[in-house]
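[1] What follows is a predicted protein model with its sequence.
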Amino acid sequence: MDDTAVTLRYVDYLRTGDDAILEEAFAPDFLDHVSGRRGVEIMRIVRGWIAASFADAVYEVHGVTTGGGLVMLWFSSRARHVGNAFPQFAGREPTGRVIVAEAVHIFRVVDGRLAEHWAVRDDLGVQRQIDSPDPLDPTR
């Protein structure tokens, strides 16, 4: 599997939660720079937060680029807000609103497996969509 294909397995994991993808696509000593944790357990934790916070999630990949031993993946997710499992959104009541979140994830691929991960996510945009009194105007 080439670097782009193995990186896209990350999105497949977010979509399905299939643990077989963790075995197939992630290095055993995977380093997540977002959390500072090593190992694939952090992916299970994040996937659990997604499942407990958002329903009917749909992921759309907008772009993938490679260079310098890294793969950059830009995608958005659209889902209905049904819970508050993510620590950064704790204390917010489920709104039932459809939320759109964009993110860029960067992976280092070593020997055909995801070895390191960085992310730039629009958590503030998601928070605004959750907290907005007018779901059609998330800037208010």
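    Arrived safely.

[2] Does Asp122 touch Ala103 like I think?
    Yes - the pair Asp122 and Ala103 passes the contact test of CB atoms under 8 Å, sitting 6.7 Å apart. Every C-beta, even on glycine, is put in place using the N, C-alpha and C of the backbone.

[3] which residues in this structure form strands?
    26-32, 37-38, 54-67, 70-81, 98-110, 113-121 (DSSP state E).

[4] who does the last one pair up with?
    Counting by DSSP bridges, the strands paired with strand 113-121 are strand 26-32 (parallel), strand 98-110 (antiparallel).

[5] just so I know, which of those strands lies nearest Ser77?
    Between Ser77 and these, the shortest gap by CB to CB is with strand 98-110, which sits at 5.2 Å.

[6] between the least confident helix or strand in the chain by mean pLDDT and strand 54-67, how many degrees?
    The helix or strand of the chain with the poorest confidence is helix 123-131; it has a mean of 90 (mean pLDDT, DSSP states H and E). Helix 123-131 and strand 54-67 meet at an angle of 160 degrees, taking axes from the mean of the first three to the mean of the last three CA atoms, to 10 degrees as the criterion.

[7] Could you list every helix and strand in contact with helix 123-131?
    strand 98-110 (3 or more CB pairs under 8 Å, 6 or more residues apart in numbering; DSSP states H and E).

[8] Can you show me the CA trace of the strand it packs on as PDB?
    What follows is strand 98-110, C-alpha atoms only, in PDB (Å, rounded to 0.1, in the frame of the first residue of the first chain):
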ATOM      1  CA  VAL A  98     -25.600  19.300  11.900                       C
ATOM      2  CA  ILE A  99     -22.000  20.500  12.500                       C
ATOM      3  CA  VAL A 100     -19.300  20.800   9.800                       C
ATOM      4  CA  ALA A 101     -15.700  20.500  10.900                       C
ATOM      5  CA  GLU A 102     -12.600  20.900   8.700                       C
ATOM      6  CA  ALA A 103      -9.200  19.600   9.600                       C
ATOM      7  CA  VAL A 104      -5.700  19.000   8.100                       C
ATOM      8  CA  HIS A 105      -4.000  15.900   9.400                       C
ATOM      9  CA  ILE A 106      -0.300  15.200   8.700                       C
ATOM     10  CA  PHE A 107       1.200  11.800   8.900                       C
ATOM     11  CA  ARG A 108       4.700  10.400   8.700                       C
ATOM     12  CA  VAL A 109       4.600   7.000   7.000                       C
ATOM     13  CA  VAL A 110       7.300   4.500   7.800                       C
END
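
[9] I appreciate the help and will end here.
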